[in-house]
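Peer 1: Here is a sequence with its predicted model. Questions after.
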Amino acid sequence: MVMRTARIGLRTSARERRRCFGLLVAAGDVWACALDMNRWRRQRGLPPIVGYQALCRELSAAGPGTFGELDTVGARSVLRRSSDAWFATAKRRKNGDGSARYPRRKRRLMPVRYYHGTFTLDGQRLLLPAGRGNPPLWVRLDRPVPYEAGQVRSITLVAEAGALFVDVTAEVPITAYPPERQPDPHRVAGVDLGVIHPFAVAGPDGEGLVLSGRAIRAETHLHLRDTKHRQRAMARRAPEPGRVGSRRWRKHRARQRNVEARHRRRVRRAQHEAAKTVVDWAVARRIGTLTVGDPRGVLALKAGRRHNRRIQHVPGGDHAPSSRTAPARCRTVPA
């Protein structure tokens, strides 16, 4: 069994939209309370409260209704994220990573996750739990869920550029192939991750596959040029530090956030389609193992954050620093 996540938009009325954003704002309040509580304890010389169970006890002491319509399940999902972030940072610092920092930044909107059994999914209608004394919150999805109802394990309510989405995570079985198409684990293909072209694959029979990244590069260049022109036109309307901008400036900022979110969605979708093409190509040739090379040293180059971010994330695995001059480290991933 493997876990898969699909992002689906929400079609909400004005009232439903206000209630959904109220849940996200309340989740941000829970995150801020956890940070402030540990800051006060640190100032008084007390140990921080970072364990999930200890944080849940503090939440129970706060009482129902403290965070509006957010129920205990949604608040605990935020506390789980806070605890995981703290212990992940502690592990990195223990391993000698001096750049690791504990969570200190507050957020206005925080994703809220509901696990199996706490929500109701009826076709394209979703019932999100609300706090005690509040009416049920039914929302409508803009497309059907691509998984069966019994496979869904969690629902995460998120906001991106002013739009509401739910991340549906499901547990699906691994695809079974007939005997004549069953991938052979002894047939190995090498995958090279590129900066411009996302994947270059070399098969065992001398065949190869190169996925062009020119479309992603063109989208990035057009987005950058459009952003520069928009900022140049609105530069004289920018407010001074500490002041609220004009209505036209706020509209410009909202439009900029929408364009940025659209650009990220396009790039993510192109990368997903490229990875799917590689897997389909390997399955069609009965390749059972993909060996991903990670040349050491490339991520250490001072080429910019965006340049390094293109190759530091590998679908289905971790990443490590690399160099084209040093021998490559390989990772084996089942096709």
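Peer 2: Arrived safely, thanks for sending. Numbering: from 1, shown residues only.

Peer 1: got any ranges where the stretch 1-150 of the chain has weak pLDDT?
Peer 2: Applying pLDDT under 70 to the stretch 1-150 of the chain flags no residue at all.

Peer 1: ditto for the stretch 201-335 of the chain
Peer 2: Scanning the stretch 201-335 of the chain for pLDDT under 70 picks out 294-335.

Peer 1: mind listing the strands for it?
Peer 2: 208-211, 287-294, 329-334 (DSSP state E, counting those that start in this stretch).

Peer 1: what's the first-to-last distance across stretch 133-150?
Peer 2: 29 Å (C-alpha to C-alpha, to the nearest Å).

Peer 1: what does that stretch rub up against?
Peer 2: Contacts to stretch 133-150, defined as C-beta atoms under 8 Å, 6 or more residues apart in numbering, come from residues 4, 6, 8-12, 16, 19-20, 65, 69, 121, 123-130, 152, 164, 166, 168, 170, 172. Backbone N, C-alpha and C define where each C-beta goes, glycine included.

Peer 1: Please apply the same query to stretch 115-129.
Peer 2: With C-beta under 8 Å, 6+ apart as the test, stretch 115-129 has contacts from 20, 23, 71, 73-74, 77, 114, 136-145, 149, 152-155, 157, 166.

Peer 1: just the buried members of the residues you listed?
Peer 2: Neighbour counting with 16 or more other C-beta atoms under 10 Å marks 20, 23, 71, 73-74, 77, 114, 137, 139, 141, 145, 152-155, 157, 166 as buried within the contacts of stretch 115-129.

Peer 1: thinking Leu164 is in contact with Cys20, fair?
Peer 2: Yes. With contact defined as C-beta atoms under 8 Å, Leu164 reaches Cys20; the gap is 5.3 Å.

Peer 1: which neighbours do those two share?
Peer 2: Joint contacts of Leu164 and Cys20 (C-beta under 8 Å, 6+ apart) are 10, 12, 139, 157.

Peer 1: okay, which residue is most central for this structure?
Peer 2: Central residue of the chain (C-alpha atoms, centre = their mean): Asp167, 9.4 Å from the mean position.

Peer 1: Helix or strand: which one has it?
Peer 2: Asp167 belongs to strand 163-172 when assigned by DSSP states H and E.

Peer 1: Relative to that strand, what are the paired strands and their orientations?
Peer 2: The pairing partners recorded for strand 163-172 under DSSP bridges are strand 2-11 (antiparallel), strand 152-160 (antiparallel).

Peer 1: angle of the stretch of helix or strand Arg39 belongs to against strand 152-160?
Peer 2: Using DSSP H and E, the element containing Arg39 is helix 14-43. Relative orientation of helix 14-43 and strand 152-160, computed by axes from the mean of the first three to the mean of the last three C-alpha atoms, to 10 degrees: 90 degrees.

Peer 1: Okay, buried residues for the helix or strand just after helix 14-43 please.
Peer 2: Sequence-wise, the next helix or strand downstream of helix 14-43 (DSSP H and E) is helix 52-62. Buried residues in helix 52-62, defined by neighbour count with 16+ other C-beta under 10 Å: 52, 55-56, 59.

Peer 1: Touching helix 52-62 from outside, list them.
Peer 2: With C-beta under 8 Å, 6+ apart, helix 52-62 has contacts from 30, 34, 37, 49, 72, 75-76, 79-80, 82-83.

Peer 1: Enumerate every residue touching the residue nearest to Pro239 when sequence neighbours are not counted.
Peer 2: Using C-beta to C-beta, 6 or more residues apart in numbering and skipping the chain neighbours, the partner closest in space to Pro239 is Gly245 (3.9 Å). Taking C-beta under 8 Å, 6+ apart, we find Gly245 in contact with 237-239, 253.

Peer 1: Quick check on the nearest residue to Gly9 once chain neighbours are set aside: phi, psi?
Peer 2: Using C-beta to C-beta, 6+ apart and skipping the chain neighbours, the partner closest in space to Gly9 is Asp142 (4.2 Å). With angles defined as degrees, to the nearest 10, Asp142 sits at phi -80, psi 0.

Peer 1: what does Thr66 give?
Peer 2: Phi and psi for Thr66, reported as degrees, to the nearest 10, are phi -70, psi -40.

Peer 1: Strand partners (parallel or antiparallel) of the one helix or strand Leu127 maps to?
Peer 2: Applying DSSP H and E as the criterion places Leu127 in strand 125-128. Sheet pairing here is set by DSSP bridges, and for strand 125-128 it gives strand 120-122 (antiparallel), strand 137-141 (antiparallel).

Peer 1: where does Pro48 fall, phi/psi-wise?
Peer 2: phi -70, psi 160.
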